[in-house]
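Asker: Give the three-dimensional model of this entry:
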Amino acid sequence: MGDGDWLNEREQRAWRGFIELAQFRDRFGRELQAETGLSGADYAVLVSLSEAADGRMRAIELRKAIDWEKSRLTQHLNRMERRGLVTR
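Answerer: As a prediction, the model looks like this:
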């Protein structure tokens, strides 16, 4: 590695992988929205709920599962409920 290189080979591979993952996530989000009308956030909520034994979770459990702030989850669940995607 020369003096001007700021990442070693291993770090460069990791960085490229991160960029590719971000591009995949963006593409997946666009395709999901176009095909189903669901946002990536909707999908994150629905996946977590689908993994629950009876399809139900307490809000605090859901918040921990998707690592969101309480206010964000509350607002998003309200929007999803208005669209008929979840019930409380």
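
Asker: which residues of this protein fall in helices?
Answerer: 9-36, 40-51, 59-66, 70-82 (DSSP state H).

Asker: Check which helices and strands the third one sits against.
Answerer: Contacts of helix 59-66 with other secondary structure elements, assessed using 3 or more C-beta pairs under 8 Å, 6 or more residues apart in numbering; DSSP states H and E, are made with helix 40-51, helix 70-82. Just so you know, the C-beta spots here come from the backbone N, C-alpha and C atoms, and that holds for glycine as well.

Asker: Give me the buried positions along it.
Answerer: Using 16 or more other C-beta atoms under 10 Å as the test for burial, helix 59-66 gives 62, 63, 65.

Asker: can you give me how far that helix is from the chain middle?
Answerer: 13 Å (C-alpha atoms, centre = their mean, to the nearest Å).

Asker: Residues contacting that helix, please?
Answerer: Contacts with helix 59-66, where a contact means C-beta atoms under 8 Å, 6 or more residues apart in numbering, come from 44, 45, 48, 49, 52, 57, 69, 70, 73, 74, 77.

Asker: which one of the helices of the chain lies closest to residue 88?
Answerer: helix 70-82 (6.3 Å; C-beta to C-beta).

Asker: Extract the C-alpha trace of the closest one and format it as PDB.
Answerer: C-alpha atoms of helix 70-82 as PDB (Å, rounded to 0.1, in the frame of the first residue of the first chain):
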ATOM      1  CA  LYS A  70     -40.800   5.300  19.800                       C
ATOM      2  CA  SER A  71     -42.200   8.300  18.000                       C
ATOM      3  CA  ARG A  72     -41.200   7.100  14.600                       C
ATOM      4  CA  LEU A  73     -42.900   3.700  15.200                       C
ATOM      5  CA  THR A  74     -46.000   5.300  16.500                       C
ATOM      6  CA  GLN A  75     -46.400   7.600  13.500                       C
ATOM      7  CA  HIS A  76     -45.600   4.900  11.100                       C
ATOM      8  CA  LEU A  77     -48.100   2.400  12.600                       C
ATOM      9  CA  ASN A  78     -50.700   5.100  12.500                       C
ATOM     10  CA  ARG A  79     -50.100   5.500   8.800                       C
ATOM     11  CA  MET A  80     -50.100   1.800   8.200                       C
ATOM     12  CA  GLU A  81     -53.300   1.400  10.200                       C
ATOM     13  CA  ARG A  82     -55.100   4.100   8.100                       C
END
